[in-house]
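> Give the three-dimensional model of this entry:
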Amino acid sequence: MGAAQQRSSMPGVRRAVVARRGAVAAVGGAVVVDATLWALFPDTFAVLPTAFWVMAALALAVDARPYVVANRRASSIILPSICFTFGVALAWGLVPALAVQLAAMAVAGVRMRQSSRRALHLAVQHAVALAGAALVAGLAGLRLDTEPDWDDALVTVAAAAAWIGCRYGLDALAARVLRGDRKPRQVQRWGLELFATAALLLLGPVVLAAAQVGLALVPLVLLALHAVHRMVRSAGEYERAARVDALTGLPNRRALQASVAERDAGPGAHRPERRLALLLLDLDRFRTVNDALGHAHGDRLLVQVAQRLAAVVPPHDLVVRLGGDEFAVLATRVDGPGSARRIAAHLADALDSPFALDGLTIDVSASIGIAVQSERGGDGASLLRQAEAAMYDAKQRGAQVAVYTRDAEHHTPDLTLLADLRHALRQEPAQGLMLYYQPQIAIATGEVVGVEALLRWRHPERGIVGPEELLRVVEPTPVMRLLTSRVLREVIARLAAWRDGGRAVRASVNVSVRDLHATDIAEEIQDLLLRYAVPADLLQLEITESALMADPHRVLDTITRLDRIGVAISLDDFGTGYSSLQHLRRLPLSEVKIDRSFVLGMAAHAGDAAIVRSVIALAGSLGLRVVAEGVEDERTWRLLSADGCHAAQGWFHARPMPAEDFDEWLARYRPLRPGREPLATT
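Residues are numbered from 1 along each chain as shown. Reported below is the predicted structural model:
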């Protein structure tokens, strides 16, 4: 066995030893305590009825399948036996309930391979919880051996509340005192656990009532326990799916953010020698793999990269897939940039060996950006932003590894612009971001049929940043998704306002290839449409030919889902790219937009006019609308009318304008129709 294999096997050996010791401690402790209770209270156990023994047996049986709450520490489990032990405590007192609970927990401890410390921790929690419930029941004089009334029901609820308060109060106290966890657990992370616990506890009196009718009915409670188990399991699967990358099985961006927050406030956070470092890996030239071999092979390569990274990263660190060809490693035990660089070199070495795909040998390298946490209390978004800046710095300098420094962004204008935009997007309203709207006019009727939303950004120091420069900087980065999300929200809110004012205008929004590769953009748009009560046919997304050809398979999947919810798709800048007629036929498009470079020249050049006529005829044969961009004079407008173009957009009708100015323009606009005879082409 090699050294690497020996190192990888050591954690498994240690876990097995810990599990065996935990099993011995759990079973041995339960036997000792139960024997002691039996010796101290023989009369109590001697008079217990058959119903008690049936419930005790069921408690041991159900704890063979304890409920584990997803994405929580290992001590956060729910024992289904509490249903029976809580009922035992209410009917026959604390001593029998405690004996059954400890025996059932021994079964759960063996099943879950718990350590001795964790088994003791859970035992103390449940013992204190049962004592609290029994105390409330005793003080109220509750005895569930007769027909219960409403007062008994209220006392039962109070006893269940005492059980929950004692167990989770003790858990929180232990986290604060023993582990130094100063950050309270978030309320939403308590919800499922408290609900399932309360459901199990309140089933206890129901089991007792069933036992009074007939013992044969008691095992039927197993069906209710199964339902609770399925609820916890389904919720856990949903939570895991939200935190796991579907392709590689690695944690995703959301899991990274949560891990930074939890590890920053968890054990060891007070030790200055232990700092967090985020290493962002962007695979070099990965797009060529997709272009040459196809999307399926690209995905398989990403899976192999994920497996290789996970194999070389120690268990106390986290490997994450952020999306596309971006991975990240959250290192939790670094003492500065030097140790972080050593980790980066280790990751680069792991990727040096070629990857094999169907007999092909593929070499992979990565640009790595490093951000070392400077102080405690930082958030994952800031750490990720710094790692991104370092990674782009590495790419621009041709280096494999770069460490983020405070002045690195100032030395790179693009990175500064990116950071400023990210900061602007976090504000409400977004600082300096403005949406302008340019009307689209139906040529045959002169009516306003839609608008295109155009983004403008007034930078506090640079002034107006042109859309070309903005997209050049933003499109290759995750900030593009933040920007598109903000634009979509504002446009859909504006559509709702126009519709409420009696103006049902369709709005077109430009989206990038990064947006189309996002798996959640269709769901995001659907949620926004429902929130603002806007019909889906009032929103249209514009994609470019270059975005279409970057990854046709993934783009097709996204726009197909958008088409199913009723959002129209327009192919922008048609004629400037290299999309094939096969793609044009297969995609669920509603519209093509002729690029302004052809429209501007059609009145003066016969070649441009012929291209425009051909595009209009082609789109018409496919049942698509045609919008001509760059219509700036009457001659072009009339020529488009003669060729059968559906709509025009350009300065001839109106320049892009803010929403308030557009409302005023629309109020005084009167439709203008072209004459029957177009002007001749010169």
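
> What strand or helix carries Asp573?
strand 568-574 (DSSP states H and E).

> Could you tell me which strands sit next to that strand in the sheet, and their orientation?
strand 539-544 (parallel), strand 591-594 (parallel) (DSSP bridges).

> Give me the residues contacting the first one.
I take that to be strand 539-544. By CB atoms under 8 Å, 6 or more residues apart in numbering, the residues outside strand 539-544 that reach it are 450, 452, 491-492, 495, 506-511, 516, 525, 529, 555, 559, 562, 567-573, 577, 590-591, 593. To be clear about C-beta, it is placed using only N, CA and C from the backbone, and glycine gets the same treatment.

> the bottom helix or strand of the chain by mean pLDDT?
Lowest by mean pLDDT, DSSP states H and E among the helices and strands of the chain is helix 408-411, with a mean of 46.

> For the stretch 251-400 of the chain, which segments count as strands?
All strands of the stretch 251-400 of the chain, identified by DSSP state E, counting those that start in this stretch, fall at 275-283, 318-323, 326-334, 355-357, 360-362, 366-372.

> Provide a list of residues in contact with Leu421.
Shown in contact with Leu421 (CB under 8 Å, 6+ apart): Trp457, Leu470, Val473, Val474, Val479, Leu483.

> Switch those over to CSV; also include secondary structure.
CSV is the format used below for these (DSSP: H, G, I helix; E, B strand; the rest coil):
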residue, secondary structure
Trp457, strand
Leu470, helix
Val473, helix
Val474, helix
Val479, helix
Leu483, helix
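
> Name the nearest of those relative to Pro656.
Comparing the contacts of Leu421 against Pro656 with CB to CB places Trp457 closest, at 13.7 Å.

> how many other residues sit next to the closest one?
Look at Trp457: counted by other CB atoms under 10 Å, it has 23 neighbours.

> Ok, Gln526 next?
Gln526 has 17 neighbouring residues, counting by other CB under 10 Å.

> correct me, but it touches Ile565?
Yes - if you go by CB atoms under 8 Å, Gln526 and Ile565 touch, sitting 5.1 Å apart.

> overlap in contacts of the two?
With CB under 8 Å, 6+ apart as the test, Gln526 and Ile565 both reach Ala536.

> Now do the end-to-end distance for stretch 138-154.
From its first residue to its last, stretch 138-154 covers 14 Å (CA to CA, to the nearest Å).

> heads up, I number from 898, so please use that
Sounds good: first residue 898 from here, last item stretch 1035-1051.

> List the residues that contact the spatially closest residue to Leu1099 that is not a sequence neighbour.
Spatial nearest neighbour of Leu1099, chain neighbours left out: Ala1057 (5.9 Å); criterion: CB to CB, 6 or more residues apart in numbering. Counting by CB under 8 Å, 6+ apart, Ala1057 touches Phe983, Ala1030, Ala1095, Leu1098, Leu1099.

> Report the buried residues of stretch 1174-1185.
Ala1174, Leu1175, Leu1176, Leu1177, Leu1178, Asp1179, Leu1180, Asp1181, Phe1183 (16 or more other CB atoms under 10 Å).

> quick one, which of the strands paired with strand 1465-1471 is packed in tightest?
Compared across those, strand 1488-1491 shows the largest average neighbour count, a mean of 25 (mean count of other CB atoms under 10 Å).

> just checking, next helix/strand downstream of that strand?
Using DSSP H and E, the helix or strand that follows strand 1488-1491 in sequence is helix 1493-1496.

> could the strands paired with strand 1465-1471 go into CSV alongside mean pLDDT and distance to Val1269?
Formatted as CSV, those follow (pLDDT from 0 to 100; distance: least, CB to CB, whole Å):
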stretch, mean pLDDT, distance to Val1269
strand 1436-1441, 91, 38
strand 1488-1491, 91, 47
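
> In TSV: the ones you listed, plus distance to Tyr1334.
Output for those, formatted as TSV (distance: least, CB to CB, whole Å):
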stretch	distance to Tyr1334
strand 1436-1441	13
strand 1488-1491	16
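
> Let me know which of those is the nearest to Asp940.
Distance to Asp940, taken as CB to CB, is lowest for strand 1436-1441 among the strands paired with strand 1465-1471, at 75.9 Å.

> circling back to that earlier point, so which of the buried residues of stretch 1174-1185 comes closest to Gly1062?
Proximity of these to Gly1062, judged by CB to CB, is greatest for Leu1175, which lies at 38.7 Å.

> give me every residue that touches that closest one.
Per CB under 8 Å, 6+ apart, neighbours of Leu1175: Val1157, Ala1225, Val1226, Leu1227, Ala1228, Ile1267, Ala1268, Gly1277, Leu1280, Leu1281, Gln1283, Ala1284.

> Dig out what it forms beta bridges with.
Leu1227, Ala1268.

> Please report the distance of it from Ala1203.
Leu1175 is 17 Å from Ala1203, where distance means CB to CB, to the nearest Å.

> what do you get for Leu1051?
Computed with CB to CB, the distance linking Leu1051 and Ala1203 is 54 Å.

> avg pLDDT for the one helix or strand Met1002 maps to?
Assigned by DSSP H and E, Met1002 belongs to helix 991-1009. Mean pLDDT, helix 991-1009: 84.

> could I have that helix exported to CSV, CA atoms only?
Output of helix 991-1009 as CSV, limited to C-alpha atoms (Å, rounded to 0.1, in the frame of the first residue of the first chain):
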residue,chain,number,x,y,z
LEU,A,991,-39.6,9.6,35.3
VAL,A,992,-37.8,6.4,36.5
PRO,A,993,-39.3,3.9,34.0
ALA,A,994,-39.1,6.5,31.2
LEU,A,995,-35.5,7.2,31.9
ALA,A,996,-34.7,3.5,31.9
VAL,A,997,-36.4,3.0,28.5
GLN,A,998,-34.8,6.1,27.0
LEU,A,999,-31.3,5.1,27.9
ALA,A,1000,-31.7,1.6,26.4
ALA,A,1001,-33.2,3.0,23.2
MET,A,1002,-30.4,5.6,22.9
ALA,A,1003,-27.9,2.7,23.2
VAL,A,1004,-29.5,1.2,20.1
ALA,A,1005,-29.4,4.5,18.3
GLY,A,1006,-25.8,5.1,19.3
VAL,A,1007,-24.7,1.7,17.9
ARG,A,1008,-26.7,2.3,14.8
MET,A,1009,-25.2,5.8,14.2
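
> list the buried ones in that helix?
For helix 991-1009, the neighbour count (16+ other CB under 10 Å) marks 991-1007, 1009 as buried.

> tell me which strands and helices it is in contact with?
Counting contacts by 3 or more CB pairs under 8 Å, 6 or more residues apart in numbering; DSSP states H and E, helix 991-1009 is packed against helix 900-937, helix 939-943, helix 947-959, helix 979-989, helix 1013-1036.

> Just name whatever secondary elements the fourth one is in contact with.
Same thing as helix 979-989. Using 3+ CB pairs under 8 Å, 6+ apart, helix 979-989 sits against helix 947-959, helix 991-1009, helix 1013-1036, helix 1047-1074, helix 1084-1110.

> Which one's more surrounded, Leu1051 and Ala1203?
More crowded of Leu1051 and Ala1203, by other CB under 10 Å: Ala1203, with 19 against 12.

> residue contacts, that one?
So Ala1203 contacts Asp1142, Thr1145, Gly1146, Leu1147, Val1216, Arg1218, Phe1224 (CB under 8 Å, 6+ apart).

> Buried subset of those residues as a ChimeraX selection?
Selection of the buried residues among the contacts of Ala1203 in ChimeraX, burial being defined by 16+ other CB under 10 Å:
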select :1142,1145,1147,1216,1218,1224
